[in-house]
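Visitor: this one's sequence-less:
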């Protein structure tokens, strides 16, 4: 093994952490949207359907663009697209903070959606390049950053927007400025790595933990993976965007208490995400995905029927376990098609965004027409679809490769 190959196999921990921090800042900006829902519902009189449409526009725009960006970056990597994408999100937050009309809010989320679409495939590529032999760990650090940013949504709602109103969203621009500077430095490292690959005439190669599969088997596995992402995205979108209304209506808690409970769900989801990637290196990707399916399922099914103190415990258990496979599904998809790192990252995260978008508007419509309680019961059944994970191809633990 020559020196360059050895360098490619050595983890670059500062870059792993830096791209994780950038992911945190990026997804914090995205989280401002659901954080603002109670405020918009109260101050502008928006219906649940209109709130769902805001989330739909944000996520579907990002969903459609992410695979396109991923495919383009597989052909020609774009290091400096990262700070450009975050600058687009900066514009979106600035518009959102001072929007007084519904259509202007929609314009703002388009800027945020574009920024997210650019960031995620290229950010995942940076994580891969910095990973060396620690693929699961690197992806976990990267996804933990994103999930931590999303977990801040209820805290932003409870302690910033509830105090300072809509214009309080502008405070997030301070973190965005730091993110743009950080991504500028990451992009410089990214460009240097591409230049090293070109000079050495060697490229980083993803070693798959899966056995050789036919195109048909790969297609079936990708389809099963998308079903898993669909069910998980619908379910988590319901909890993060709408469950706070159920808490206030069904248990008569305040907005602040409700948002703190949502934060607990998301915060423990971050914990699960962190351990999921490194655990998959030891016991295999499929085993971790199965763990995230089987164990939380009874808690998901029972959640609408239990008292508040039990619901709090269930939210922590579900958040931890259902998200333990979040980063692992991205890695699994990339190992199904190891020559298309950016494309598969864009497809999986983009599909997750898309299903979250469709879920948001579907749940909003259902809540408007059938009520909050009925909607929560229907959504609690969705995790049953996760059982298709049993039919995924078996892989070997990365530690045995």
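Guide: That came in fine, so what should we check first? Please read all numbers here as calculations on a predicted model, not as lab measurements.
Visitor: output the below-cut-off pLDDT ranges for this structure.
Guide: Counting by pLDDT under 70, the chain shows low-confidence ranges at 1-9, 133, 201-209, 342, 350, 353, 356-357, 398-401.
Visitor: repeat the analysis, applying 50 as the threshold.
Guide: 1-6 (pLDDT under 50).
Visitor: in it, which spans are strands?
Guide: Under the criterion DSSP state E, the chain carries no strands.
Visitor: buried ones in stretch 256-272?
Guide: Across stretch 256-272, burial judged by 16 or more other C-beta atoms under 10 Å covers 257-272. Heads up, the C-betas are built off the backbone N, CA and C, glycines and all.
Visitor: likewise for stretch 291-302?
Guide: 291, 292, 293, 296, 297, 299, 300.
Visitor: now render those as a markdown table, adding distance to residue 150.
Guide: Formatted as a markdown table, the buried residues of stretch 291-302 follow (distance: C-beta to C-beta, whole Å):
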| residue | distance to residue 150 |
| --- | --- |
| 291 | 21 |
| 292 | 17 |
| 293 | 21 |
| 296 | 18 |
| 297 | 22 |
| 299 | 20 |
| 300 | 19 |
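Visitor: let me know the closest of those to residue 35.
Guide: Set against residue 35, the nearest of those by C-beta to C-beta is residue 300 (23.7 Å).
Visitor: mind listing what the residue nearest to that closest one when sequence neighbours are not counted touches?
Guide: Ranked by C-beta to C-beta, 6 or more residues apart in numbering and with sequence neighbours excluded, the top spatial neighbour of residue 300 is residue 383, at 4.3 Å. Shown in contact with residue 383 (C-beta atoms under 8 Å, 6 or more residues apart in numbering): 231, 232, 235, 293, 296, 297, 300, 301, 322.
Visitor: which two of these have the greatest separation?
Guide: Distance extremes for the contacts of residue 383: the farthest pair is 232 and 301 at 15.0 Å, using C-beta to C-beta.
Visitor: so how far is residue 38 from the closest residue to residue 274 other than its chain neighbours?
Guide: Leaving out its chain neighbours, the residue that sits closest to residue 274 by C-beta to C-beta, 6+ apart is residue 144, at 4.6 Å. Counting by C-beta to C-beta, to the nearest Å, the gap from residue 144 to residue 38 is 26 Å.
Visitor: likewise for residue 331?
Guide: Distance from residue 331 to residue 38, by C-beta to C-beta: 35 Å.
Visitor: same check on residue 188?
Guide: The gap separating residue 188 from residue 38 is 41 Å, by C-beta to C-beta.
Visitor: these two: who's more crowded?
Guide: residue 38 (21 against 11; other C-beta atoms under 10 Å).
Visitor: ok, the more buried one - contacts?
Guide: Contact partners of residue 38, counting by C-beta under 8 Å, 6+ apart, are 157, 162, 244, 245, 255.
Visitor: what do you get for residue 149?
Guide: Each residue near residue 149 by C-beta under 8 Å, 6+ apart is listed here: 23, 24, 25, 26, 27, 28, 29, 30, 31.
Visitor: rerun at 7 Å
Guide: 23, 24, 25, 26, 27, 28, 31 (C-beta atoms under 7 Å, 6 or more residues apart in numbering).
Visitor: so which of those is the most crowded?
Guide: Of the contacts of residue 149, with other C-beta under 10 Å as the count, residue 26 tops at 28 neighbours.
Visitor: what sits against that residue?
Guide: Counted by C-beta under 7 Å, 6+ apart, residue 26 has contacts 86, 89, 116, 119, 149, 179.
Visitor: quick check: the first one touching residue 115?
Guide: Yes: here residue 86 lies in contact with residue 115, judged by C-beta atoms under 7 Å, at a distance of 5.9 Å.
Visitor: what is the neighbour count of residue 158?
Guide: What residue 158 shows, counting by other C-beta under 10 Å, is a neighbour count of 22.
Visitor: if you could redo that for residue 106, that was the one I meant.
Guide: Neighbour tally, residue 106, other C-beta under 10 Å: 16.
Visitor: and residue 45, by the same measure?
Guide: Other residues near residue 45 come to 8 when the count uses other C-beta under 10 Å.
Visitor: then residue 178?
Guide: Residue 178 is flanked by 14 other residues according to other C-beta under 10 Å.
Visitor: if I look at residue 329, how far off is residue 252?
Guide: Applying C-beta to C-beta, the value for residue 329 to residue 252 is 37 Å.
Visitor: the two: which is more packed in?
Guide: Under the neighbour definition other C-beta under 10 Å, residue 329 and residue 252 were set side by side, and residue 329 has more, 28 against 9.
Visitor: let me know whether that one touches residue 227 as I believe.
Guide: No: using C-beta under 7 Å, residue 329 makes no contact with residue 227, being 11.1 Å away.
Visitor: quick one: the helices in the stretch 101-250 of the chain, in order.
Guide: Here the stretch 101-250 of the chain has its helices, by DSSP state H, counting those that start in this stretch, at 102-131, 135-151, 153-156, 162-164, 172-200, 215-237, 243-250.
Visitor: next, the distance between the ends of stretch 296-311.
Guide: 13 Å (C-alpha to C-alpha, to the nearest Å).
Visitor: report how many residues lie close to the closest residue to residue 182 other than its chain neighbours.
Guide: Once flanking residues are discounted, residue 182 sits nearest to residue 22: 5.4 Å by C-beta to C-beta, 6+ apart. By the criterion of other C-beta under 10 Å, residue 22 has 27 neighbours.
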